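what follows is a predicted structure for the sequence shown.
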Amino acid sequence: MYTTPDCNGKPDLFWRRFREKKGNAHIERKIPGVIKNWFKKTIFAVMKQLRKILFPFSVLYDGVTRLRNFLYNQQLLKSHSFTIPVVCVGNLSTGGTGKTPMVEYLIRKWQNDYKMAVLSRGYGRKTRGFRWVSTNDLPEFTGDEPLQIKKKFPEITVAVDENRVRGIRKLEKEHQLIVLDDAFQHRRVKPTFTILLTAYGDLYTNDLLLPAGNLRESAQNARRADVIVITKCRPHLSVTEKEKIRAKIRPTEKQQLLFSHLTYSSDITNNQNSKPISTLKDQPFTLVTGIANPKPLVAYLHSLGLRFTHLSYPDHHLFSTQEINRLQQQPFILTTEKDFVRLDHQLDNQKLYYIPVAIELDSTLDFKIGQLKK
């Protein structure tokens, strides 16, 4: 079996559409993996260059976001403060920086000291307004990431609301600390503490604004953050490499710059049974990912010498009936925690497992938690 490249988290639309047409599946299987890989990498490189043609629209988009930020900075548009600490986790790019693992890190770090709540927009849900998230919910009603967090930390309050101000007002009376997931651009909220994430190898300083690039707003707005975390680093970065990144990020004197890396569990699980991932060494399987950047996971599995076919879908992908039927035919599926939330109620649980993931921060640095206390 071959492993398809993830193309920086973009879906393999050509081959998926090709194989889904009746009679094409047997042809697709005969095409050598090396040819597929070359085709996909070439198409991705061409599309990446074509995006630069959209640069004039990025200039227009920059003007709109600059005006919006100016109005908030001058208090011509109102930002709301609250009676309890509100911690914002976000990024400048459109995704793939590891916000959910960071939120889970904060839960582990503070759940014994604060009565916490996590508030998310609930991206991709079919409902609107404020909603409490329960462990029995479906991702269609809550979004996949809030449900993942609730299932992992059932004792923590998790809620969704596209209107963050309204959501916080509903939560602040009964809680001591609220963590906002993906709210860096939500200027109506004035957070007590802001954590900005940017992925190693894909720093916001090397990117362009939408639509030519992936930035939601200008990189200069990183100055609103109290902490900047470089996520998905290689473990044990050298001092020299950290200093090179610091020179690119150029944090202010008041900002902390942290480095983190992903750690994958040595066991895989379906929440009922667990087994060592090493048991997959003699068992070819299908890896299913619907996240913005599956590169770290793919690289980790390769490092273990595992053989698998990779089916890559867009971030927050809602699987169609046809796609579910295709997955049902796979003898064993390994997926991410977020994708497991979307697939668990649709596939045979005995052949669907996920690999837990967490982050570790540079041990020599720490958050200034005292800033949270009022």
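Alright, I've got the coordinates.

just name the shakiest helix or strand of this structure by mean pLDDT.
Least confident helix or strand of the chain, by mean pLDDT, DSSP states H and E, is helix 25-30 with a mean of 46.

C-alpha coordinates for the longest strand along the chain, PDB please?
Longest among the strand segments of the chain by residue count, using DSSP state E, is strand 256-264. The C-alpha atoms that make up strand 256-264 are tabulated as PDB, following Å, rounded to 0.1, in the frame of the first residue of the first chain:
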ATOM      1  CA  GLN A 256       6.100  35.600  26.100                       C
ATOM      2  CA  LEU A 257       7.200  33.300  23.300                       C
ATOM      3  CA  LEU A 258       6.600  29.600  24.000                       C
ATOM      4  CA  PHE A 259       7.400  26.500  22.000                       C
ATOM      5  CA  SER A 260       5.300  23.400  22.000                       C
ATOM      6  CA  HIS A 261       5.200  20.000  20.300                       C
ATOM      7  CA  LEU A 262       2.600  17.300  19.900                       C
ATOM      8  CA  THR A 263       2.800  14.100  21.800                       C
ATOM      9  CA  TYR A 264       0.800  11.100  20.600                       C
END
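
what are the buried residues along the next helix or strand along the chain from that strand?
Next in sequence after strand 256-264, counting helices and strands by DSSP states H and E, comes strand 267-269. Neighbour counts over strand 267-269 (16 or more other Cβ atoms under 10 Å) mark Ile268 as buried. Just so you know, the C-beta spots here come from the backbone N, C-alpha and C atoms, and that holds for glycine as well.

residues contacting strand 267-269, please?
Defining contact as Cβ atoms under 8 Å, 6 or more residues apart in numbering, one finds that strand 267-269 is touched by 274-277, 280, 334, 353-356.

walk me through the domains of the chain.
54-263+360-372, 266-355 (automatic domain parsing).

what is the end-to-end distance of the last one?
In domain 266-355, first residue to last residue: 8 Å (Cα to Cα, to the nearest Å).

pLDDT on that domain, on average?
Domain 266-355 carries an average pLDDT of 94.

can you check the first one too?
The predicted model gives domain 54-263+360-372 an average pLDDT of 94.

contacting residues for the residue nearest to Thr231 when sequence neighbours are not counted?
Once flanking residues are discounted, Thr231 sits nearest to Gly98: 4.3 Å by Cβ to Cβ, 6 or more residues apart in numbering. Applying Cβ under 8 Å, 6+ apart to Gly98 gives the contacts 197, 199, 231-232, 260, 262, 359.

these into a markdown table, with extra columns for neighbour count, distance to Leu311 and secondary structure?
Below are the contacts of Gly98 laid out as a markdown table (neighbours: other Cβ atoms under 10 Å; distance: Cβ to Cβ, whole Å; DSSP: H, G, I helix; E, B strand; the rest coil):
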| residue | neighbour count | distance to Leu311 | secondary structure |
| --- | --- | --- | --- |
| Leu197 | 28 | 26 | strand |
| Ala199 | 22 | 22 | strand |
| Thr231 | 25 | 24 | strand |
| Lys232 | 21 | 21 | coil |
| Ser260 | 23 | 28 | strand |
| Leu262 | 17 | 21 | strand |
| Ile359 | 19 | 25 | strand |
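
which of the residues you listed lies closest to Lys248?
Ala199 (13.0 Å; Cβ to Cβ).

all helices for the stretch 101-250 of the chain, in order.
Under the criterion DSSP state H, counting those that start in this stretch, the stretch 101-250 of the chain contains helices at 139-142, 144-152, 164-171, 239-249.

show me what the first one is in contact with.
Counting contacts by Cβ under 8 Å, 6+ apart, the residues outside helix 139-142 that touch it are 122, 124-127, 131, 133, 147, 150, 160, 318, 341-342.

now Leu334: which helix or strand?
strand 333-335.

next structured bit after that strand?
From strand 333-335, the next helix or strand downstream (DSSP H and E) is helix 337-343.

in CSV, list the C-alpha atoms belonging to that following helix.
The C-alpha trace of helix 337-343 is given here as CSV (Å, rounded to 0.1, in the frame of the first residue of the first chain):
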residue,chain,number,x,y,z
GLU,A,337,-9.9,12.5,18.1
LYS,A,338,-11.9,15.2,16.3
ASP,A,339,-12.8,12.9,13.4
PHE,A,340,-13.8,10.1,15.8
VAL,A,341,-16.5,12.4,17.2
ARG,A,342,-18.0,12.7,13.7
LEU,A,343,-17.6,9.0,12.8
